[in-house]
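> Fold the stuff below for me.
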Amino acid sequence: MVEILQNKNSATRFQILVEIAAGGPGTQQKAIAARLGVTPQAVSGYMRQLLEAGLVSETDRSTYKISAAGVNWMLKVLRETNEYVAAVQRAVTNITTCAAIAESDLGQGQAVGLKMKDGLLYASAETRGGARGVARSSVARGQDVDVTDIQGLVELARGKVAILRVPGIEKGGSRRTDPLRLQNLADDGGQVGAIGIEALVALRRAGIEPRYLYGVAEAAVEAARCGLSFTVVCTEDAVPGLLKRLQEQKLDYELIDLSLG
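Numbers count the residues shown, from 1 in each chain. Purely as a prediction, here's the structure:
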């Protein structure tokens, strides 16, 4: 859940930072209080919290500017909020109509069962258990079908992300990566992405061409959410950022070191 939706204190601090960003360093507490509909005393208390947290710095008497840490926190909140909004939009859309792949020929008005397979939503004539709905169109097997009147929950087990860590160039890069182990772990026909030049070259030395070179972390997150496993071959200096992203999404992962020696 988004931090500012769980904690009123965080929400107000975020609003204050937005006001400072919009009004510039000369923005005073009285002006912020007026725009937020709170007392100047309340704003003063929040300002002390922001100062103690290092999210703002004081430029003059009762005027402030946002610190680098403050900007990073705001961007983190914005990212979480955008992801939550996207999830809500998907949920609301699914209440009315969703798209699925027809697992068999379906007729308009036919009751259908819904299930996830290989990360995709399928509609079938089998309606026992799980989620179900009604096909709004007559379609042939393999076509997309619009399904409405959805009831129940689509069973979905989250996938797992395997992180295969390779040494940075200062430690030998791809030349110090175990190619046989990399091949065994990554060449399974699943989704594979590379983060870092060393990781890309290590994969190519093992005879594997990664499907993802850009937006790999987000691709791994989305795949795991849809129940798919994903392998990320990652240069060691990029591992902490990837782990943080997966931990934020509470996704299961395994970290494996491919260094030789």
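> Who are the packing partners of the helix or strand of the chain at the bottom of the mean pLDDT ranking?
Ranking every helix and strand in the chain by mean pLDDT, DSSP states H and E puts helix 3-6 at the bottom, with a mean of 75. Helix 3-6 is packed against helix 8-23, helix 68-96, with contacts defined by 3 or more Cβ pairs under 8 Å, 6 or more residues apart in numbering; DSSP states H and E. In short, each C-beta sits where N, CA and C put it, glycine included.
> deepest of those, which one?
Among the helices and strands packed on helix 3-6, ranked by average contacts under mean count of other Cβ atoms under 10 Å, first place goes to helix 8-23 (a mean of 17).
> Show me the contact partners of whichever helix or strand comes after that helix.
The helix or strand immediately downstream of helix 8-23 is helix 29-36, counting by DSSP states H and E. Here helix 29-36 makes contact (Cβ atoms under 8 Å, 6 or more residues apart in numbering) with 12, 15-16, 19-20, 23, 39-40, 42-44, 47, 62.
> which one in the residues you listed is the model shakiest on?
Within these, S62 has the lowest pLDDT, namely 64.
> For S137, see how far away the spatially closest residue to S124 that is not a sequence neighbour is.
Spatial nearest neighbour of S124, chain neighbours left out: E103 (3.9 Å); criterion: Cβ to Cβ, 6 or more residues apart in numbering. Plainly put, E103 is 15 Å away from S137 if you go by Cβ to Cβ, to the nearest Å.
> and what of D144?
Going from D144 to S137 by Cβ to Cβ gives 9 Å.
> again, but for L164
44 Å.
> In terms of neighbours, single out the busier of those two.
Neighbour tally, L164 and S137, criterion other Cβ atoms under 10 Å: the higher count belongs to L164, 25 against 15.
> for the chain, what spans make up the helices?
In the chain, the helices defined using DSSP state H lie at 3-6, 8-23, 29-36, 40-52, 68-96, 179-186, 197-205, 216-225, 239-248.
> would TSV of those with distance to E170 be doable?
Formatted as TSV, the helices of the chain follow (distance: least, Cβ to Cβ, whole Å):
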stretch	distance to E170
helix 3-6	37
helix 8-23	38
helix 29-36	48
helix 40-52	38
helix 68-96	27
helix 179-186	20
helix 197-205	10
helix 216-225	22
helix 239-248	15
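> With respect to these, which exhibits the lowest mean confidence?
With a mean of 75, helix 3-6 has the lowest mean pLDDT of the helices of the chain.
> That one: which residues count as buried?
By neighbour count on 16 or more other Cβ atoms under 10 Å, the buried set for helix 3-6 is I4.
> so how far is it off the chain centroid?
With Cα atoms, centre = their mean, to the nearest Å as the basis, helix 3-6 stands 17 Å off its chain's centre.
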